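**Q** Quick one, structure for this:
(chains A and B)
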Protein chains: 2
Amino acid sequence: MAAARHYTLDFQLSAKADGDAILKGLQSVFEEQAMTETVHSWEDHGYLATYVNKNGSFASLRIYPHGLVLMDVQSYSNDLKGREEIDNLLNKLEERMKELCQGSIGRLKRLPALVRGGKIDKYWPTADGRLVEYDIDEVVYDEDSPYQNIKILHSKQFGNILILSGDVNLAESDLAYTQAIMGSGKEDYTDKEVLILGGGDGGILYEIVKLKPKMVTMVEIDQMVIDGCKKYMRKTCGDVLDNLKGECYQVLIEDCIPVLKRYAKEGRMFDYVINDLTAVPISTSPEEDSTWEFLRLILDLSMKVLKHDGKYFTQGNCINLTEALTLYEEQLSRLYCPVEFSKEIVCVPSYMELWVFYTVWKKTEF
Amino acid sequence: MAAARHYTLDFQLSAKADGDAILKGLQSVFEEQAMTETVHSWEDHGYLATYVNKNGSFASLRIYPHGLVLMDVQSYSNDLKGREEIDNLLNKLEERMKELCQGSIGRLKRLPALVRGGKIDKYWPTADGRLVEYDIDEVVYDEDSPYQNIKILHSKQFGNILILSGDVNLAESDLAYTQAIMGSGKEDYTDKEVLILGGGDGGILYEIVKLKPKMVTMVEIDQMVIDGCKKYMRKTCGDVLDNLKGECYQVLIEDCIPVLKRYAKEGRMFDYVINDLTAVPISTSPEEDSTWEFLRLILDLSMKVLKHDGKYFTQGNCINLTEALTLYEEQLSRLYCPVEFSKEIVCVPSYMELWVFYTVWKKTEF
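**A** Okay, here's the model as predicted:
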């Protein structure tokens, strides 16, 4: 795959760095590659040397005087031969550094190369902002809907992954997500009235329909999510999205806010409301100032259509975003009716971080 | 935390890059930061510009003529102010690029910064060679034993993680691993004879002892793994490693190969043998030429001490390493006695990749 590969090779020394000696000692390695050197030195900040190759690749060597030596090599190579050349260069640099800094290398770190500008983007940071590389080998679907960018990418281990506006939503491996947001197998959906907000991947709908509910209504704003998922996420949704209406379910392609308002007005009540909206929900008519107020509006409306002994399930956030989780829980204490809640921590395979799920129910007065 | 932070900002253009215009257009942004420019140009390979700041930070701008523009900024900053300055620089570069390449930016990617040379190393690549960043905030234990480097690092979400010679072994969050290598809850350990090979973190021993076995013998080569884990992995091992002998268990600090040979000679038999050795097992007396032969030796010896209706459990490998898995399965067909096997794919939270576990048993002839 044609892309720039960016290699790093880092040495933490247990003593101050003799920048001059390191620079001179490594020079011959770069010279062997016929790379042209440019050196910049600071009075107090050490050295930066750059090495340019005729073939377009280049390297940088940054020597921090307190004892940190960072090397970068960037190369746009389509072929294995180009990669092997870079590997050889890095091997030689590593060897030479070990000779130069005998016994004083505290840590040596050579990371997998960053692949930059390839056809397939493999880097989808976690919700808590960590860099993670996925084993993605194919772009299956990539379209902009009126609401968001919709990508479905194929991961070797996770199957197809739905990514909405850059956020990993769900992979075909992630039944754990669907089970968690349905109450982790502890609920009896038989003959129940269920409302799903969002859920365009069809996972929840597919699993609940198997459990013989009375009626499931799913309200998804984005037809294109459904179109993509019914074609490429079939391990998740089975055949349930092939028709928007089935024996015990219907899918409404609508913004859930007006639907909730309508149901509340009509006095329509549900045993379960499952909020599977994106982290920052999309609405055609955002009336509220902040995301939190908007989330509270959805919660309030959901409580209005929830039976007194009903349950509301939703995904919360990554376990490390404690501030966001606390703020969410504060919203729960500010609804029109008193509620109680519990939470569960679940490992969703494709997320690469632990995720918090909430169960909310109306407080009963004794 | 004092460390070099390496930022990347990448633009994939939908048209060829006008290198000259981009270079000139971005110059003023770097000039504002009083950064000194050095430009290298190739006839066929575009441009490389480097920008050096008095404070020791530097940037590089690589323009590939087919339409890829890669920017790097590296800065050794201890303080928030330094980070904010870099963020501002990147914001300005992003804005200017959007002005310069109106409508022709196919993809813009700004990854979380790579932290290089910090006190805490957060990057522990997966078995299939992908770059992943962990949420590690403390080095709890870091020692070299006669056999390996032993690290226990604290992850905010996974608890303490045991890392042996750079390989993530087990985190306190990883009960799923222990359950999988014990047969996923389908076995009855009551009054059974169990042999654990390796298992120094104590997880398997702790879980099996709860199930009232007759006797569990664990053979771990490295006392220092036990010392580290009994102190810092208590969610995994409870108090089971506090003594090397309990009512229904004993821990032998020995190489498992001679122990297996001794048991085989004595005719000692087990209901369960659980191989929890590291991926490439450590031995004080490697007699075999290749890792595969060594793995087969362990398998053969294990089969010799396994009752005719006994089960052998082991972890295999990351699901993506199909070649290694196939080779392992080939070894299974080459043991002294015919065996059958099944495998299970399990999500171990701290691994960030799906893992294969094997169950092996002696083939019975009818």
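
**Q** Write out the residues of the stretch 151-300 of chain A neighbouring chain B.
**A** Within the stretch 151-300 of chain A, the positions adjacent to chain B are A:156-158, A:173, A:176 by Cβ under 8 Å from any Cβ of the partner chain. Heads up, the C-betas are built off the backbone N, CA and C, glycines and all.

**Q** how about residue A:158, what does it touch?
**A** When contacts are counted by Cβ atoms under 8 Å, 6 or more residues apart in numbering or on different chains, residue A:158 touches A:134-135, A:171-174, A:349-350, B:354.

**Q** Please list only the buried members of those residues.
**A** With neighbours counted using 16 or more other Cβ atoms under 10 Å in any protein chain shown, those contain these buried positions: A:134-135, A:171-174, A:349-350, B:354.

**Q** For stretch A:253-263, what does the pLDDT average out to?
**A** Throughout stretch A:253-263, pLDDT has a mean value of 97.

**Q** buried ones in that stretch?
**A** Going by neighbour count (16+ other Cβ under 10 Å), the buried part of stretch A:253-263 is A:255-257, A:259-260, A:263.

**Q** swap in stretch A:225-245?
**A** Along stretch A:225-245, the positions that meet the burial threshold by neighbour count (16+ other Cβ under 10 Å) are A:225-230, A:232-234, A:236-238, A:240-241.

**Q** How about stretch A:336-347?
**A** A:339, A:341, A:346-347.

**Q** so which of those residues are also by chain B?
**A** Checked against chain B using Cβ under 8 Å from any Cβ, the buried residues of stretch A:336-347 yield the following neighbours: residue A:347.

**Q** Relative to residue A:359, which of the buried residues of stretch A:336-347 is nearest.
**A** Proximity of the buried residues of stretch A:336-347 to residue A:359 (Cβ to Cβ) peaks at residue A:341, which lies at 6.3 Å.

**Q** element containing the closest one?
**A** Residue A:341 is part of strand A:339-347 when elements are defined by DSSP states H and E.

**Q** Next secondary structure element downstream of that strand?
**A** The element immediately downstream of strand A:339-347 (helix or strand, assigned by DSSP H and E) is strand A:354-362.

**Q** Next, name the residue at the spatial heart of chain A.
**A** To find the centre residue of chain A, average its C-alpha atoms and take the closest one (Cα atoms, centre = their mean): that gives residue A:168, at 3.7 Å.

**Q** Residue A:162: how many residues sit nearby?
**A** A count of nearby residues for residue A:162, using other Cβ atoms under 10 Å in any protein chain shown, gives 27.

**Q** Let me see the contact set for it.
**A** Taking Cβ under 8 Å, 6+ apart as the definition, contacts of residue A:162 comprise A:150-152, A:168-171, A:201, A:225, A:228-229, A:233.

**Q** can you list those in CSV and add pLDDT, distance to residue B:123 and secondary structure?
**A** CSV is the format used below for the contacts of residue A:162 (pLDDT from 0 to 100; distance: Cβ to Cβ, whole Å; DSSP: H, G, I helix; E, B strand; the rest coil):
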residue, pLDDT, distance to residue B:123, secondary structure
A:150, 98, 31, strand
A:151, 98, 25, strand
A:152, 98, 28, strand
A:168, 97, 20, strand
A:169, 97, 26, strand
A:170, 98, 26, strand
A:171, 98, 23, strand
A:201, 98, 31, coil
A:225, 98, 34, helix
A:228, 98, 33, helix
A:229, 98, 33, helix
A:233, 98, 31, coil
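
**Q** Save those as JSON lines, and put in distance to residue A:182 too.
**A** Output for the contacts of residue A:162, formatted as JSON lines (distance: Cβ to Cβ, whole Å):
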{"residue": "A:150", "distance to residue A:182": "24"}
{"residue": "A:151", "distance to residue A:182": "25"}
{"residue": "A:152", "distance to residue A:182": "23"}
{"residue": "A:168", "distance to residue A:182": "20"}
{"residue": "A:169", "distance to residue A:182": "16"}
{"residue": "A:170", "distance to residue A:182": "13"}
{"residue": "A:171", "distance to residue A:182": "17"}
{"residue": "A:201", "distance to residue A:182": "14"}
{"residue": "A:225", "distance to residue A:182": "19"}
{"residue": "A:228", "distance to residue A:182": "22"}
{"residue": "A:229", "distance to residue A:182": "18"}
{"residue": "A:233", "distance to residue A:182": "17"}
